[in-house]
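J.: Let's see this in three dimensions:
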Amino acid sequence: MARSQEPPDLPREFPGLEPDDDLLPDPLQPGPQGEDPGQVDRREPAPRRPGGPAFELPGMPRTASLVTDSVITRPLSERMASAPPDEAIGIIVELRTDSGLEPAHALAQLTTMLTMIAPRAPVWNTRAYLMSALTADEIRRLAEVDSRGAARSGSSRHDQRSAPRRFIHRIWPNFEVRAAVHRTVMTTKAEAAIRAFDATGEGIVWAVLDTGVDAKHPHFAAHDTFDLPGNLAHRSFVPGSSDADALTDVNGHGTHVTGIIAGGRTATAKRPIVAATWYRTAGGGAGVERVSLDRISGMAPRTKILSCKVLRDDRTGDVAALLAALEHIQDLNNGGRELNVHGVNLSLGYPFDPSWFATGLSPVCREVDRLVASGVCVVVAAGNTGYGAARDTAGREMRLGFGMTINDPGNAARGITVGSTSVNPYSSGVSYFSSKGPTGDGRLKPDLVAPGERVVSAGAGYLLEKARAHVADAAYVEDSGTSMSAPHVSGVAAGFLSVHREFIGKPDELKRILMDTASDLGRERAFQGRGLVDAMRAIQSV
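T.: Below you'll find the predicted structure:
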């Protein structure tokens, strides 16, 4: 990624949120003063010293080979060797633990050093690590300047096989910048289930009720994802549109959701897989990273997708279109007498006020429960309204997580309601924005959680256009929200049904199995439900 002189001007929308996303803060915008104590303010970098960067000691012997061999780790060295000269590489600097210095002092010194080498590089830190994005040359300079400072101060302990070092122990690539579908198949163990049990979704049809889907995206070519069996046909329920619009996607939300469930690609020399991911800079702005992938796969790549367009191109819609689509699925299955469509994904919803009437008894929730009763598995996003603000008695605003914020149709009793976590769920728990239970009438929701932060999937429409403004050859984009969590569970469910076909038409039993085999994250039940969906444990439990 070539670093521009100014932070890129990105749209203000929080990616991946349902139509209620205007209720949430934009994570790409700066927060209140002091909100992130680990973040270093880089807006006024320290000036360079005359004659070169800080800590540079003229006349000191160069230690490039030792630095490369022992300070710059091998995976980072390999990344540097293939990176263009102006590409910024995400790094994690691991501090020395035997330097005798307080970590805070070492971090401050190292931050100053990095600032003088690369004044515009983003910098943030934890207690023991410093993170940034530097070019290969800047990484070498950082390691060498630290090595020279160590040699001068006499604070380093080293032998002939290692470089002298003062503050830095090792410099690693920032692996976590690739948190995506090619990673979340491991988080949910879907990849292991595919390898061990061939849980590919073969023979399963899943309906996606969304903004439509870009049927021409190469992600869906290998498995003919939209080539439906029998008399099934894609359809639009948005007034003023045609059924052909179900296979186009001006917005990109439906394509992203669908790519998490099904499809997949393997990179070749002629057809590389390129994704655009977002990151937040230390100054509160945003940048874009170009990521090359070896392969990418949906949770159950061979699942057939029935596209039903129920949202307009701006991601908004109304309940009437949603109800019509749910009834249409009933008709396709002849009221449950046949099962041509096995599951439905609903990455949409609206905030529900429990004072209106009993939670879970709204028309859309009733229709979801009726569809489940007919034998169809329905997976629903919990919503993104689990975070907001309130005022104390002194009138001061406080940011809070909110309970009883499950969106409709996530309040449906028999649907599988899914909240969000990251690809590191055991350390980060439930996403701050993920709607939390219980329901307004006291039932446990959500049922499960699945990855919903920084998920990379097939790009189309506005989402892809936004990404290509910075990464011209991107075909995959990053998005976040419980919209991304729900299709992870849909894909796991489709994979399960392709292995244990005796559970086709038994969605209540399927829901019980997925919940009973979920991995407990040790969080409050109203946050995590029964825990993280686990494809391997579900299949092996039967």
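
J.: For the stretch 351-500 of the chain, just list every one of the helices.
T.: 363-373, 425-428, 461-468, 482-499 (DSSP state H, counting those that start in this stretch).

J.: Check the stretch 51-200 of the chain too.
T.: Using DSSP H, counting those that start in this stretch, helices in the stretch 51-200 of the chain cover 64-70, 74-82, 103-117, 136-153, 181-187, 190-197.

J.: I'd like the ones you listed as a markdown table, with mean pLDDT, distance to Ala381 and mean neighbour count appended.
T.: Every residue, glycine included, has its C-beta placed from N, CA and C. Formatted as a markdown table, the helices of the stretch 51-200 of the chain follow (pLDDT from 0 to 100; distance: least, C-beta to C-beta, whole Å; neighbours: other C-beta atoms under 10 Å):
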| stretch | mean pLDDT | distance to Ala381 | mean neighbour count |
| --- | --- | --- | --- |
| helix 64-70 | 45 | 47 | 17 |
| helix 74-82 | 80 | 35 | 14 |
| helix 103-117 | 87 | 39 | 19 |
| helix 136-153 | 80 | 40 | 22 |
| helix 181-187 | 68 | 15 | 23 |
| helix 190-197 | 94 | 18 | 20 |
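
J.: TSV for these, including distance to Gly264?
T.: Shown next, in TSV, are the helices of the stretch 51-200 of the chain (distance: least, C-beta to C-beta, whole Å):
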stretch	distance to Gly264
helix 64-70	36
helix 74-82	24
helix 103-117	39
helix 136-153	31
helix 181-187	9
helix 190-197	10
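
J.: who wins for proximity to Pro218 among these?
T.: Nearest to Pro218 among the helices of the stretch 51-200 of the chain is helix 181-187; the distance by C-beta to C-beta comes to 14.6 Å.

J.: show me where pLDDT drops low in this protein?
T.: Applying pLDDT under 70 to the chain flags residues 1-70, 75, 97-99, 126-128, 149-165, 173-183, 280-284, 355-358.

J.: what's the domain layout of it?
T.: 31-173, 198-540 (automatic domain parsing).

J.: Without its sequence neighbours, what residue ends up closest to Arg170?
T.: Once flanking residues are discounted, Arg170 sits nearest to Glu94: 4.5 Å by C-beta to C-beta, 6 or more residues apart in numbering.

J.: Check Ala199 too.
T.: Gly495 (3.5 Å).

J.: OK, contacts around that neighbour?
T.: Ala190, Ala193, Ile194, Ala199, Thr200, Gly201, Met299, Ala300, Thr303, Ala535, Ile539 (C-beta atoms under 8 Å, 6 or more residues apart in numbering).

J.: 10 Å - rerun?
T.: 188, 190, 193-194, 197-202, 204, 261, 298-303, 535, 538-539 (C-beta atoms under 10 Å, 6 or more residues apart in numbering).

J.: ok, of these, which come out buried?
T.: The neighbour-count test (16 or more other C-beta atoms under 10 Å) applied to the contacts of Gly495 identifies 188, 190, 193-194, 197, 199-202, 204, 261, 298-303, 535, 538-539 as buried.

J.: Done for today, thanks.
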